[in-house]
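Student: my questions are about this predicted structure, shown below with the sequence.
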Amino acid sequence: MPKCEYPLVHIYSRTDADKAVKIVATISGLRVLIDALIDAIEPGGEGSAEVFFADADAFEIANSNLKCISV
C-alpha cells in the first residue's frame with residue numbers, strides 16, 4: 001500500500017493558551033478520525049481509530065462523550 005493511502009495523522013498540541021490544536025492528516029486519516037468522532041456522538045459513546053505517523057508507526061486515537069452533569 002503506498003504511503004499516501006495509510007491513514008496518516010499528526011496531532012500537535014497547542015503551544016500557547018491562545019493557539020489552536022493543529023491536525024495534519026491525509027484524507028484517509030481524516031476519514032478514520034471523523035468516524036471515531038461520529039461513534040462518540042451518542043451519550044456515553046466512545047470512538048477509536050488506528051492511525052499512523054509518517055514513519056508507519058501505528059497509534060490509537062480514543063475519544064469519549066462526557067455526560068454533562070447539572071449542578
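Tutor: Right, received. Where do you want to start? Numbering: from 1, shown residues only.

Student: contacts for the helix or strand bottoming out on mean pLDDT in the chain next, please.
Tutor: For the chain, using mean pLDDT, DSSP states H and E, the weakest element among its helices and strands is strand 58-64, scoring a mean of 72. Outside of strand 58-64, the residues within contact range by Cβ atoms under 8 Å, 6 or more residues apart in numbering are 9, 11, 33, 36-37, 40, 45-53. Just so you know, the C-beta spots here come from the backbone N, C-alpha and C atoms, and that holds for glycine as well.

Student: okay, buried residues for that strand please.
Tutor: When neighbours are counted by 16 or more other Cβ atoms under 10 Å, the buried residues of strand 58-64 are found to be residue 61.

Student: what lines up beside that strand in the sheet?
Tutor: According to DSSP bridges, strand 58-64 forms sheet pairs with strand 46-52 (antiparallel).

Student: what is the mean pLDDT for the helix or strand encompassing residue 36?
Tutor: Element membership of residue 36 [criterion: DSSP states H and E] is helix 27-39. Per-region confidence: helix 27-39 scores 85 on mean pLDDT.

Student: then stretch 43-54?
Tutor: Stretch 43-54 shows a mean pLDDT of 75.

Student: from the chain's centroid, how far away is it?
Tutor: Offset of stretch 43-54 from its chain centre (Cα atoms, centre = their mean, to the nearest Å): 6 Å.

Student: likewise for stretch 41-58?
Tutor: 5 Å.

Student: buried residues in that stretch?
Tutor: Neighbour counts over stretch 41-58 (16+ other Cβ under 10 Å) mark 47, 49, 51, 52 as buried.

Student: and the residues you listed as CSV, adding distance to residue 25?
Tutor: Listed next are these as CSV, based on distance: Cβ to Cβ, whole Å:
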residue, distance to residue 25
47, 16
49, 11
51, 8
52, 10
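
Student: ok, the residue positioned nearest the centre of the chain - contacts?
Tutor: By Cα atoms, centre = their mean, the mean C-alpha position of the chain lies nearest to residue 33, the distance being 4.3 Å. Each residue near residue 33 by Cβ under 8 Å, 6+ apart is listed here: 7, 9, 23, 25, 49, 51, 61.

Student: cool, thanks, talk later.
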